[in-house]
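Student: Quick one: sequence and predicted model below, then my questions.
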Amino acid sequence: MSIPMSSPDLTAAEIDAVHQVISTPVLSIGPRLDAFERAIAAFSGCAHGVGVNSGTSGLHLAVIAAGVHQDDYVLTTPFSFIASANCILYERAVPIFVDVDRATGNIDPALVAAAADDLARGGASVSGAAARRWLPPALRAAPPSGRLRAILPVDAFGQPADFDPILATARRHGLTVIEDSCEALGARYKDRPAGSLGDVGVFAFYPNKQITTGEGGVIVTDREDWRDLFRSLRNQGRDVFDAWLNHTRLGYNYRLHEMSAAMGLAQMSRIEELLARRAQVAAWYNERLAAIPWIECPQVLPETTRMSWFVYVIRLLPPASRDAVMARLAERGIPSRPYFTPIHLQPFYRSTFGYAEGAFPVTEELGRISLALPFSSVMAETQVDEVCAALRGMEHV
């Protein structure tokens, strides 16, 4: 029997929670959503939570709250799921990529500082070679007229970015920090919860995440004014005091319905169990793969006082071939996935911004050698054994 790449961890409690909702007339913007928002906010150490229909939607609304407008700039990472850059484009702004730290795949704080300093010195016109070198190649001859507004770090694979130096850079330049914590619910950085590390954080709950609502996300922040703004924006721009079908601002249909919120609430009642199970599966992998010389296991830094395992991503060291390893695993009924394809090398970003290979060497190396193995909280030790035994039999791939 084949091993699934990922599986949600659902029980009778989640099924019963959804059944309870569909026996009521309230299927949207109701008590389950309110309770789920409060549960996520409390767990992440934030004052407010706002449910939305996806992590992507949450990131988009965070970009709006940060005051990012057309032609503005946002510093972010090219080693991520594409939504963390696309949400900037939704406001017709420009993602400014900087390379990542090889140990974690998270954005490099030193490069964030260098880019912010150079762009600030360049001023509104981004004049001078030092500033323009950070821009996408297609924009360097005639830079957009906006200004640097925000930094958007990503907590890749469940490990928080190195936030203290990033926050120092943000304070120095008056920038908003948007934490993409879509992969890191439950992680802690220097014992501070992921999601609470910037001005606003976003979690996502796709079926392969630490908890799932099917589809959905929650924005967390300590700012009450932003909470109210997010609630308006997700609901077609209606404000608290708007009459029915009156809309104060341009908004979106980004609502999270009651069935998803009820499932999320049931999952949050088991959150420590779910996180512990994922940590156990990661520990089994670490133990069994440590002695294979061409495999580099995930590295958890000391600043990460709790890793929240989203996926288990190994690196295949030369001369091992990732394509050959994936093919051999597939022959055994074992799926695997490249993780990630660098954003700047995706076709749309190449054609729009003129990127080519060589722009971000660390990101591109990680894109070539990183491989996600089957992983979930319901994975059995025997399944981990099967995956690892298959890998140990590939000494000459």
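Tutor: Alright, I've got the coordinates. Note that the structure is predicted; figures quoted are calculated from it, not measured. Numbers count the residues shown, from 1 in each chain.
Student: can you pull out the strands in the stretch 201-350 of the chain?
Tutor: Applying DSSP state E, counting those that start in this stretch to the stretch 201-350 of the chain gives strands spanning 217-221, 295-296, 304-306, 312-316, 337-338.
Student: which helices and strands does the fourth one pack with?
Tutor: Under the contact criterion of 3 or more CB pairs under 8 Å, 6 or more residues apart in numbering; DSSP states H and E, strand 312-316 touches helix 271-289, strand 295-296, helix 361-369, strand 370-373. Quick note: C-beta positions are derived from backbone N, CA and C, even for glycine.
Student: okay, that strand in CSV with CA atoms only?
Tutor: Taking C-alpha atoms only, strand 312-316 is exported to CSV below (Å, rounded to 0.1, in the frame of the first residue of the first chain):
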residue,chain,number,x,y,z
TYR,A,312,9.9,17.3,6.8
VAL,A,313,12.4,18.6,4.1
ILE,A,314,15.8,17.0,3.6
ARG,A,315,18.6,18.2,1.4
LEU,A,316,20.3,15.8,-1.1
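Student: just to revisit the earlier point, please identify the deepest-packed of the strands of the stretch 201-350 of the chain.
Tutor: strand 217-221 (a mean of 30; mean count of other CB atoms under 10 Å).
Student: by contact count, what packs against it?
Tutor: Strand 217-221 packs on helix 31-43, strand 48-52, helix 55-65, strand 200-204, helix 224-234, going by 3+ CB pairs under 8 Å, 6+ apart.
Student: got a list of contacts for stretch 268-288?
Tutor: Outside stretch 268-288, the residues that touch it by CB atoms under 8 Å, 6 or more residues apart in numbering are 9, 11, 13, 36, 39-40, 43, 185-186, 210-211, 267, 297-298, 307-310, 312, 373, 375-379, 381, 384-385, 387-388.
Student: hmm, back to that, columns mean pLDDT and distance to residue 110 on top of the strands of the stretch 201-350 of the chain, output as CSV?
Tutor: Shown next, in CSV, are the strands of the stretch 201-350 of the chain (pLDDT from 0 to 100; distance: least, CB to CB, whole Å):
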stretch, mean pLDDT, distance to residue 110
strand 217-221, 99, 27
strand 295-296, 98, 22
strand 304-306, 98, 18
strand 312-316, 98, 22
strand 337-338, 96, 27
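Student: how about those in a markdown table, adding distance to residue 256?
Tutor: Shown next, in a markdown table, are the strands of the stretch 201-350 of the chain (distance: least, CB to CB, whole Å):
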| stretch | distance to residue 256 |
| --- | --- |
| strand 217-221 | 8 |
| strand 295-296 | 38 |
| strand 304-306 | 26 |
| strand 312-316 | 28 |
| strand 337-338 | 27 |
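Student: Compare the ones you listed and report which one is nearest to residue 249.
Tutor: Across the strands of the stretch 201-350 of the chain, residue 249 has its closest neighbour in strand 217-221 (16.6 Å, CB to CB).
Student: Span of stretch 74-84 from start to end?
Tutor: 11 Å (CA to CA, to the nearest Å).
Student: same question for that stretch, mean pLDDT?
Tutor: Averaging pLDDT along stretch 74-84 gives 98.
Student: Would you indicate which residues of it are buried?
Tutor: By 16 or more other CB atoms under 10 Å, the buried positions in stretch 74-84 come out as 74-84.
Student: returning to that earlier point: show me which of the contacts of stretch 268-288 are buried.
Tutor: By 16+ other CB under 10 Å, the contacts of stretch 268-288 give 9, 36, 39-40, 43, 185-186, 210-211, 267, 297-298, 307-310, 312, 373, 375-377, 379, 384, 387-388 as buried.
Student: quick revisit: quick one: closest of the strands of the stretch 201-350 of the chain to residue 21.
Tutor: strand 217-221 (17.5 Å).
Student: I am finished for the moment; much appreciated.
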